[in-house]
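Asker: sequence first, predicted model second:
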Amino acid sequence: MELTGGCLCKAVDYRIAEAPVTARACWCRMCQMIGGGSGTVNALFNTTAVTINGHLKEFKFVADSGNTMYCRFCPICGTHVLVTSQRRPHFTAVRVGTLNDPNQVSPESTIWTSMAPTWAVIDPKLPRLDGQPPPGRSTLPS
């Protein structure tokens, strides 16, 4: 499986050489801010499978989980493309909305539902977690 995508202005593009480890919808406050009020959907990949072409700017912050995160975005159009965590640098989370075909990846669960606004639309068919999932093979950084 190969996935491709990039930013809005096309200054940054990427290729991913394997299927995601998992994908999750996230309602933490950081994701709500990035999503302009909604949560974000992120697909987790082995970092070695992700190839980036173009320059991404980085914003370092501490997430609600207490983990140091590195949000990477296009410095021209501002599109958030990916995020990595200090705790799990072997994983890279890609914003599903930046995929050329976002239908190739679907969320398997919803995390940080305790922070979602009361009007949030959360898929009732997906498992929900109030906060950060426990560490493991499919842990998405947040």
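Answerer: Yep, that arrived.

Asker: which residues does the worst-scoring helix or strand of the chain on mean pLDDT contact?
Answerer: Least confident helix or strand of the chain, by mean pLDDT, DSSP states H and E, is helix 29-34 with a mean of 92. Outside helix 29-34, the residues within contact range by C-beta atoms under 8 Å, 6 or more residues apart in numbering are 38-40, 42, 61, 63-64, 69, 71, 80, 112, 115-117, 142. C-beta here means a position set from N, CA and C on the backbone, and glycine is covered the same way.

Asker: which of those lies closest to residue 14?
Answerer: Proximity of these to residue 14 (C-beta to C-beta) peaks at residue 80, which lies at 12.8 Å.

Asker: ok, the residue found closest to that closest one once you drop the neighbours it is linked to in the chain to residue 84 distance?
Answerer: Distances taken as C-beta to C-beta, 6 or more residues apart in numbering place residue 73 nearest to residue 80, at 4.6 Å, with adjacent residues excluded. Distance check for residue 73 against residue 84: by C-beta to C-beta, to the nearest Å, it reads 13 Å.

Asker: rewinding a little: ok, the helix or strand just after the least confident helix or strand of the chain: who's next to it in the sheet?
Answerer: Remark: after helix 29-34, the chain's next helix or strand is strand 40-46, criterion DSSP states H and E. Strand 40-46 has the following strand partners under DSSP bridges: strand 22-26 (antiparallel), strand 91-95 (antiparallel).

Asker: to residue 9, which of these lies closest?
Answerer: Closest approach to residue 9 among those (C-beta to C-beta): strand 91-95, 15.0 Å.

Asker: how far out from the middle of the chain is that closest one?
Answerer: Distance, stretch centre to chain centre, for strand 91-95: 5 Å (C-alpha atoms, centre = their mean, to the nearest Å).

Asker: tell me which other helices or strands the following helix or strand past it touches.
Answerer: Per DSSP H and E, the first helix or strand lying C-terminal to strand 91-95 is strand 109-111. Using 3 or more C-beta pairs under 8 Å, 6 or more residues apart in numbering; DSSP states H and E, the elements in contact with strand 109-111 are strand 22-26.
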